[in-house]
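Visitor: got a predicted model here, sequence first, then my questions.
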Amino acid sequence: MFNEQADKHLEKLFQHIPKSLFDELPLPINIVDENGIVVVMNQAFLSFYGAPDFKNALGRPLLEFDHTTRLPIVLKTGIPEVGIPHHFATGKVAVVDRIPIFDGEQVIGAAGMVVIEGLESHENAKRIRESIIQSIRPDWDDNTDQRNASGAKYHFDHIITQSPLIKHFKDRARSFAATDLPVLITGESGVGKELFAQSIHHHSDRRNKPFVSINCAAIPETLLESELFGYEAGAFTGASRKGKLGKFELANHGTLFLDEIGDLPLSMQSKLLRVLQENQVERIGGNEVKSINVRVISATNRNLHDKIKTQEFRSDLYYRLNVLNLNIPALRERAEDIELLIEHFSSLFYQKTGIYRKFNAEVIQLLSRYPWPGNIRELENIVCRIIVIAEDEIIGKELIPDEILQEILGGFAASNDTAEMLGGQPHNSLAEIIKRIEVKIIEDTLEICDNNKSKAADLLGIDRMTLYRKLKAHDR
Ligand SMILES: Nc1ncnc2c1ncn2[C@@H]1O[C@H](COP(=O)(O)OP(=O)(O)OP(=O)(O)O)[C@@H](O)[C@H]1O
C-alpha cells in the first residue's frame, strides 16, 4: 500500500527490486518521509501489525498511530538501527531494522522493517533484506556483528546528537581513528568521553583487537602498578600463584583507555611515561622485558594545565598523551540535544521494559534550562527516575524532582539580566532591584507549581505564611 508521495522514496528503495513486487514482499516494511508522515506500508506490514485501522496511518504522522516507533529518532540522527528487538504498541515483539533514507547528505525518510523470527532465517527474506539495505546505502557497513568483538561496546552511531558542535567532534574523532597516535579526551564528567574513546577504537584498524580500560582514580595507588604492568608468580605477599597479566599486555595490538588520567599518582606517572617511550613493559618481580604495541587513549575531567602548574602532573607525560585532543562540550552548551536525548533514553527504557512514557513539551522546555552538571549520565538517570514513578503515559512538570526544579528556578533568576532588573532605570535603588528579583522568582515558582502555594513555598525553602506575606507585600 502506498500513495503518490511515496515515489521518491521507492525510487531510492527499489534500485534492485522491481516496484511491483513491493506488496508481495514477505518482509513487513513501512516508510516515513522526512516529517515522519507514513508514505508506504506493504501488505506484509499490515498483516503483521494486525490492527485494522492502521491502514489509515497512510499520509498521517506514524507517531499518532504507533507511539513506540523510533523512526522519528532515526530521521533526526541519520543513524541506522539494525537487528533491534522492538515492542510494538499492539504488544507484539519483533526484531526490527530502522534505516534512514538519504538523498546525498540529507535524510529524506526512514524505513522500518520487521525481521520476524523464522523470516530472518529464511534465505530469500534475508537476501531481499540485504539487497534493500545495499540499495539504500551501498557504503553502509552493517555493524551488528561487530559489537563486543573487542570489548568496545560503542561506536560512533551510539553518539546521539543533532548539535553541529558534537557532529564536528565526531568528524574529528573519526579522522583520529585513521591514525595510531595517542588521543587525550577532556571534558566534564558524563559528557561521553568513554563513548568517544570506544568509538575511535571501533573505527580504527585495531577494531578486532582488544579495547582495555582502566580507571586510574578508582584503583588504590598500591595496586595500580600491578594492574597496569602485571606481576610474576609470587612477586609479592598476597600475589596470585599464577602471576597476572597487566592491562598493557592485555591490550597488546589493541587500545588501552586510561580513564581519569588526571588522578594518576605522580609515582606512577614516571613509570607510565617510561613504558610509553620505550613501548616495553616489565612485570613486577620479573626480569623479562616485553615489547608491546598499544594505542593509548586517555581521558580526564581535570584541568591538566592547572595540575602541571601545581606540579601534580608531569608536563612530559602530558605532551606524550596529548598528541591529538578532543575537548567534549558539556550538555548545557548543546541544549538542542536535550530533547533528542530524552526521547532516546525514554525509547531505550521502553525497549527494555515495555513501559512507554512521553515527556510533554513543557517538561522538555524546563529540563532544557537545567545546567546538567552530571551531563548525559545525569540526564539518563533523571529520565529513568521520572519514568519509573510516572503513572500516566504523558509526563508533566509535577514529576520533575524538586532539586532539579530549584536549580532551574535559580537559573531563571540568573538569566534575568541586570538591565531588565533595573527596569531600564539605572537609578533604581538596590532595595528596588532586589524586590524585582524576588517578585520574578516567586512568580516563576508559582507558575511552575501551577499556583500551588504550599509546593512553591517548599521549593523556595520558606514557609507558606512567609510566602503569603511576601505576595501581599508585593500586591500579588
Ligand atoms: N551523545 C550520547 N548519546 C547517547 N548516550 C550518551 C551520549 N554521550 C554519553 N552517553 C551516555 O552517557 C553515559 C556517560 O558517558 P561516558 O561514560 O562516556 O562519559 P564520561 O565523560 O567518560 O564520564 P566520566 O568522566 O564520569 O568517566 C554513558 O551511559 C553513555 O553511554
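Guide: Okay, I see it. Numbers count the residues shown, from 1 in each chain.

Visitor: next SSE after the host helix or strand of Val281?
Guide: Here Val281 sits within strand 280-282, counting by DSSP states H and E. Using DSSP H and E, the helix or strand that directly follows strand 280-282 along the chain is strand 289-291.

Visitor: just checking, what packs against that following strand?
Guide: The helices and strands touching strand 289-291, judged by 3 or more C-beta pairs under 8 Å, 6 or more residues apart in numbering; DSSP states H and E, are strand 280-282. Any C-beta I mention is one placed from the backbone N, CA and C, and that applies to glycine too.

Visitor: list the helices and strands the strand it packs on packs on?
Guide: On a contact count with 3+ C-beta pairs under 8 Å, 6+ apart, strand 280-282 meets strand 289-291.

Visitor: distance from the chain centre to the strand it packs on, please.
Guide: From the chain centre to the centre of strand 289-291 is a distance of 38 Å (C-alpha atoms, centre = their mean, to the nearest Å).

Visitor: residues making contact with whichever helix or strand comes after that strand?
Guide: The helix or strand immediately downstream of strand 289-291 is strand 295-300, counting by DSSP H and E. With C-beta atoms under 8 Å, 6 or more residues apart in numbering as the test, strand 295-300 has contacts from 180-187, 193-194, 197, 200-201, 204, 206, 254-263, 276, 321.

Visitor: neighbouring strands of strand 295-300 in the sheet, and parallel or not?
Guide: With DSSP bridges as the test, strand 295-300 is paired with strand 183-186 (parallel), strand 255-259 (parallel).

Visitor: give me the contacts around the strand or helix carrying Leu471.
Guide: Assessed by DSSP H and E, Leu471 sits inside helix 464-473. Residues from elsewhere that reach helix 464-473 (C-beta under 8 Å, 6+ apart): 438, 442, 453-454, 456-457, 460, 462.

Visitor: make it 7 Å
Guide: Identification of contacts with helix 464-473 by C-beta atoms under 7 Å, 6 or more residues apart in numbering yields 438, 442, 453-454, 456-457, 460.

Visitor: same check on stretch 47-65?
Guide: By C-beta under 7 Å, 6+ apart, stretch 47-65 touches 1, 3, 28, 32, 36-38, 41, 46, 69, 71-72, 90, 114, 116.

Visitor: before we move on, what about stretch 208-227?
Guide: 149-152, 198, 201, 228, 244, 246-247, 250-251, 253-261, 263-265, 268, 271, 284.

Visitor: just the buried subset of those residues, written out for PyMOL, thanks.
Guide: To isolate the buried subset of the contacts of stretch 208-227 in PyMOL, counting by 16 or more other C-beta atoms under 10 Å, use the following:
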select buried, resi 150+151+152+198+201+228+244+246+247+250+251+254+255+256+257+258+259+260+261+263+264+268+271+284
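
Visitor: next, count neighbours for the residue in the chain that the ligand sits nearest to.
Guide: Proximity of the chain to the ligand (C-beta to the nearest ligand atom) peaks at Gly192, 2.8 Å away. Gly192: 24 surrounding residues under other C-beta atoms under 10 Å.

Visitor: Ile200 too?
Guide: Per other C-beta under 10 Å, the neighbour tally for Ile200 reads 30.

Visitor: shouldn't it be in contact with Val183?
Guide: Yes. In this structure, Ile200 is within contact of Val183 by C-beta atoms under 7 Å, at 6.4 Å.

Visitor: need the overlap of contacts for the two.
Guide: With C-beta under 7 Å, 6+ apart, Ile200 and Val183 have common neighbours 176, 297.

Visitor: remind me which helix or strand Gln269 belongs to.
Guide: Here Gln269 is assigned to helix 266-278, by DSSP H and E.

Visitor: then that helix to CSV, C-alphas only?
Guide: What follows is helix 266-278, C-alpha atoms only, in CSV (Å, rounded to 0.1, in the frame of the first residue of the first chain):
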residue,chain,number,x,y,z
LEU,A,266,53.0,11.1,40.4
SER,A,267,55.0,8.0,41.2
MET,A,268,53.0,6.1,38.5
GLN,A,269,53.3,8.9,36.0
SER,A,270,57.0,8.4,35.6
LYS,A,271,56.6,4.7,35.2
LEU,A,272,53.9,5.1,32.6
LEU,A,273,56.0,7.7,30.7
ARG,A,274,58.8,5.2,30.5
VAL,A,275,56.6,2.4,29.1
LEU,A,276,55.1,4.8,26.6
GLN,A,277,58.6,6.0,25.5
GLU,A,278,60.1,2.5,25.2
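
Visitor: quick one, that helix and strand 295-300 angle?
Guide: Orientation check (axes from the mean of the first three to the mean of the last three C-alpha atoms, to 10 degrees): helix 266-278 against strand 295-300 gives 150 degrees.
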